[in-house]
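Asker: Any chance you can model this:
(chains A and B)
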Protein chains: 2
Amino acid sequence: MNESKLPIIFISNDDGINAPGIHRLIDYVAGRGRIIAVAPEGPRSGQSSALTVNSPLRITRYPDYCGAEMYGVNGTPVDCVKLGVHAILKDKCPDILLAGINHGSNSAINTLYSGTMGAVFEGCLLGANAVGFSYHSHDENASLAACAPVVDDIVTRVIAKGLPAGVCLNVNIPKCERVAGIKVARAANGYWTEEFAEYTDPHGRPYFWLTGHFHNLEPDSADTDLYWTERGYASVVPCRPDQTAIDDLANIKSLLD
Amino acid sequence: MNESKLPIIFISNDDGINAPGIHRLIDYVAGRGRIIAVAPEGPRSGQSSALTVNSPLRITRYPDYCGAEMYGVNGTPVDCVKLGVHAILKDKCPDILLAGINHGSNSAINTLYSGTMGAVFEGCLLGANAVGFSYHSHDENASLAACAPVVDDIVTRVIAKGLPAGVCLNVNIPKCERVAGIKVARAANGYWTEEFAEYTDPHGRPYFWLTGHFHNLEPDSADTDLYWTERGYASVVPCRPDQTAIDDLANIKSLLD
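Answerer: Coordinates of the predicted model:
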């Protein structure tokens, strides 16, 4: 295949350009296209779709990795996608945007806070086929080998068939040696109970660190992402950047009449 | 009414605790309940649902305003909701969460990037009746008087009837002296064309500032928020924090079969 006909695969993450997860993702898709990785210079977890409007952004070339061009940006995952597509691709939309492999879960409502999914939503809005991958271990030294066949299978199908317009995928892979299979699901309903660790500084002023526990409100619902990841399957949740509650338009019209 | 029976109204924003918009919002709901305002100490526009996980948070009491308790947090809008509810309300869910009045539009896909709507989604997840208000002028000195009857009407109805579970409201008010009415709508489809202003620093290194223009892909669709705000009406878009594309589950199942 002529190199110019190869798909452009744009890769980002929220753990930073030096995180093992982005290197493994590149390993797993190497040879499938021209790979351009643009990621934050350091960890930017929990950045959602935040973007940087009040300070300047820089893009820095890093050494190539496994045939991929590598760039760091002093911003959020969304900044990486916006600036990377502008400065490197000269505003040409990539064919595929992949994010991850995130070190930690982006199941259920974590989608909302996830910088990984922020990059994916941004790719989807640009018109790319966009997929985020997350592995359920925060240990950056954990093997990600269980992700390899999942990434391979999903990327193959997405390249072959494409995704519906306006839809992107959130893939979660449980901590395991080998997944039992892949299941399409919706995000489980649940919530975080925040727990703030409270400290006192040397001047007597309190400060807080955010922590918390997630409570799954429907652990027995077999159509949810957490149901399947807890049973050893990778979950695939189709997502939309548009947050309109279409099914509630009539309800809200009657509220305001 | 016994003071303890008054609803708890939690107010936040992304323009900061000193922005005119949060003061006007307090003016417009004063007397309806116990008002607690917790907002970033400075502007945090474009923060989406970002949260601060890698640095400590502080909460600082400011002078009361118009009967409202005022607090600043060195974090994002979501941090303000999480920490405010924990540290001030001792984890009791507020009855109502209002965010704004934002200085600038949060119509269409701007919902995704909006820190104002980040606070609203967080309130919705906590179980509060949550509404964000945005005024279509970035001029912080602009009069927000056109917002007063819209805030009054919507807050009255929301207190009286409540919102459906899992649904919050995104209210946009056009720049005008008096709105023509209130219309329930979906977010218009559109996209940003990014334009990065490029500069060179004294050391010869380039840097970029994000800017851009929004393109409305369906300017004639009468069921969209932008259609109505462009015609002088306030738009109300019901939104959900859960980003699952429920209608696409079958499509994606067939893709992966």
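
Asker: outside of the host helix or strand of A:Asp79, which residues touch it?
Answerer: For A:Asp79, the host element (DSSP states H and E) is helix A:77-87. Helix A:77-87 is contacted from outside by A:10, A:12-14, A:36, A:38-40, A:44, A:47, A:49-52, A:57, A:59, A:71, A:73, A:75, A:91-94, A:97, A:99, A:115-116, A:118-119, A:122-123, A:126, B:48, B:113, B:194, B:196, B:208, B:210, using CB atoms under 8 Å, 6 or more residues apart in numbering or on different chains. Where C-beta positions appear, they are placed from N, C-alpha and C, glycine not excepted.

Asker: ok, now with 7 Å
Answerer: Residues outside helix A:77-87 that contact it (CB atoms under 7 Å, 6 or more residues apart in numbering or on different chains): A:10, A:12-14, A:36, A:38-40, A:44, A:47, A:49-52, A:57, A:59, A:71, A:73, A:91, A:93-94, A:97, A:115-116, A:118-119, A:122-123, A:126, B:194, B:196, B:208, B:210.

Asker: Kindly report the same for stretch A:41-58.
Answerer: With CB under 7 Å, 6+ apart, stretch A:41-58 has contacts from A:14-17, A:72-79, A:83, A:112-115, A:118, A:121, B:43, B:45-51, B:53-54, B:112-113, B:118, B:205, B:207-210.

Asker: Filter those residues down to the buried ones, ChimeraX style.
Answerer: The command below creates a ChimeraX selection of those among those that count as buried (16 or more other CB atoms under 10 Å in any protein chain shown):
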select /A:14,15,16,17,72,73,74,75,76,77,78,79,83,112,113,114,115,118,121 /B:43,45,46,47,48,49,50,51,112,113,118,207,208,210
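
Asker: one step back: immediately after the helix holding A:Asp79, which helix or strand?
Answerer: strand A:96-103.

Asker: Kindly format the C-alpha coordinates of that next one as PDB.
Answerer: Backbone C-alpha positions of strand A:96-103 (Å, rounded to 0.1, in the frame of the first residue of the first chain) are rendered in PDB as follows:
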ATOM      1  CA  ILE A  96      -8.800   6.900  13.700                       C
ATOM      2  CA  LEU A  97      -8.300   8.400  17.100                       C
ATOM      3  CA  LEU A  98      -7.300   6.100  19.900                       C
ATOM      4  CA  ALA A  99      -6.800   7.100  23.500                       C
ATOM      5  CA  GLY A 100      -5.100   5.200  26.300                       C
ATOM      6  CA  ILE A 101      -4.400   2.600  27.400                       C
ATOM      7  CA  ASN A 102      -5.500   4.400  30.500                       C
ATOM      8  CA  HIS A 103      -4.000   3.100  33.800                       C
END
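
Asker: near chain B at all, it?
Answerer: No - Strand A:96-103 lies out of reach of chain B by CB under 7 Å from any CB of the partner chain, never closer than 12.8 Å.

Asker: re earlier: so the helix holding A:Asp79 versus strand A:96-103, what angle?
Answerer: 150 degrees (axes from the mean of the first three to the mean of the last three CA atoms, to 10 degrees).

Asker: I'd like the distance from helix A:77-87 to the chain centre, please.
Answerer: Centroid displacement of helix A:77-87 relative to its chain, using CA atoms, centre = their mean, to the nearest Å, is 15 Å.

Asker: Just the CA atoms of it, as PDB, please.
Answerer: Output of helix A:77-87 as PDB, limited to C-alpha atoms (Å, rounded to 0.1, in the frame of the first residue of the first chain):
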ATOM      1  CA  PRO A  77      -5.900  15.700  26.500                       C
ATOM      2  CA  VAL A  78      -8.400  17.900  24.500                       C
ATOM      3  CA  ASP A  79      -5.700  20.500  23.900                       C
ATOM      4  CA  CYS A  80      -3.500  17.600  22.600                       C
ATOM      5  CA  VAL A  81      -6.100  16.600  20.100                       C
ATOM      6  CA  LYS A  82      -6.900  20.200  19.000                       C
ATOM      7  CA  LEU A  83      -3.300  21.400  18.800                       C
ATOM      8  CA  GLY A  84      -2.000  18.100  17.400                       C
ATOM      9  CA  VAL A  85      -4.500  18.000  14.500                       C
ATOM     10  CA  HIS A  86      -3.800  21.700  13.800                       C
ATOM     11  CA  ALA A  87       0.000  21.800  14.100                       C
END
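
Asker: and that helix, what's its mean pLDDT?
Answerer: The average pLDDT within helix A:77-87 is 96.

Asker: likewise stretch A:145-164?
Answerer: 97.

Asker: And it, what's buried?
Answerer: A:Ala146, A:Cys147, A:Ala148, A:Val150, A:Val151, A:Ile154, A:Val155, A:Arg157, A:Val158, A:Ile159, A:Leu163, A:Pro164.
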